[in-house]
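Q: Please find the sequence and the predicted model below.
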Amino acid sequence: MTYNTEKEQIVISEYGRCIQEMIKKLPEIEDREQRTEAARYIISVMVQMNPGIKQSSDYEHKLWDHLYMISGYNLDLDSPFAPPIPAEQQSKPQHVGYQHNDIKYGHYGQYLIKMIEAASQEENDEVREALAYSLAAQMKRNYLEWNKSVVSDQVIIDDLKTISGGRLVIEDETKLNATGEIPSGKAQQPQGKTQPQGKKKKKKVPNLKANMNNPNNPAYKRRMEQMGKQ
């Protein structure tokens, strides 16, 4: 028994080992036409093994390229497309590199920091004050986006002042509105039992029998007078 780990590594795993072994057998076919016809048949099987490739507009070109890549670029066929160049397929793309920006207040975001720095250069006091309140509200929203815990408005105000170099100042104990805070204009109901809406209190029904036997009841007196006349 031979384990897969002892066999040749699969070049493109989407097609499986059987397709790879079929492609490796193509150079053994001496007749060029028969070899090309066998390659076309293998291409049709590759489509069945990897149907997702048909979503691409040039999927036939990709299939032929994959055929050459799996064979090790060792095929002589009448392909409808030019065979791929091994150097271009095996070359690695140039590394883009990573940004190394040292952001002290990363939870606010780099763009918001740049907005604060730009707003701090505003010379008009009224405009700068309006920008300060808008930026502070956005800072609170960004803070709560990354940290779901409650943040003190004073922390936001202090950070805004520090980042802007003291140019954007908001009065202490200012209430900042952030996304997710829904102002409630309804007065709170007093604690205790409240009568649910739609249900009315039941009226007390008088006890007729007890009232008729009460000497102070006028109806009781009228009944006694009628009995006396009888």
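A: Okay, I see it.
Q: so which helix or strand takes in the residue nearest the centre of the chain?
A: With distances taken as Cα atoms, centre = their mean, the residue of the chain nearest its centroid is residue 145 (11.9 Å). Using DSSP states H and E, residue 145 sits in helix 125-146.
Q: Then residue 167?
A: Using DSSP H and E, no helix or strand contains residue 167.
Q: Now for it: which residues touch it?
A: 119-121, 128 (Cβ atoms under 8 Å, 6 or more residues apart in numbering). For glycine as for every other residue, the C-beta is placed from the backbone atoms N, C-alpha and C.
Q: Check which element follows whichever strand or helix holds residue 44 along the chain.
A: Assessed by DSSP H and E, residue 44 sits inside helix 32-49. Next along the chain after helix 32-49, taking DSSP H and E as the criterion, comes helix 59-70.
Q: ok so, going back, which of the contacts of residue 167 fall in helices?
A: By the criterion of DSSP state H, membership of these in helices covers 119, 128.
Q: Only the buried subset of the contacts of residue 167, as a ChimeraX command please.
A: The ChimeraX selection below is limited to those of the contacts of residue 167 classed as buried (16 or more other Cβ atoms under 10 Å):
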select :119,120,128
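Q: what's around residue 75, how many residues?
A: Residue crowding around residue 75 was assessed by other Cβ atoms under 10 Å; the count is 18.
Q: Confirm for me that it is in contact with residue 66.
A: No. Counting by Cβ atoms under 8 Å, residue 75 sits too far from residue 66 to count as a contact (11.8 Å).
Q: can you tell me which two in the contacts of residue 167 are farthest apart?
A: 121 and 128 (8.9 Å; Cβ to Cβ).
Q: Next, count neighbours for residue 17.
A: Neighbours of residue 17 using other Cβ under 10 Å come to 13.
Q: likewise residue 81?
A: Residue 81 has 13 nearby residues by other Cβ under 10 Å.
Q: so what's it up against?
A: Counted by Cβ under 8 Å, 6+ apart, residue 81 has contacts 60-61, 64-65.
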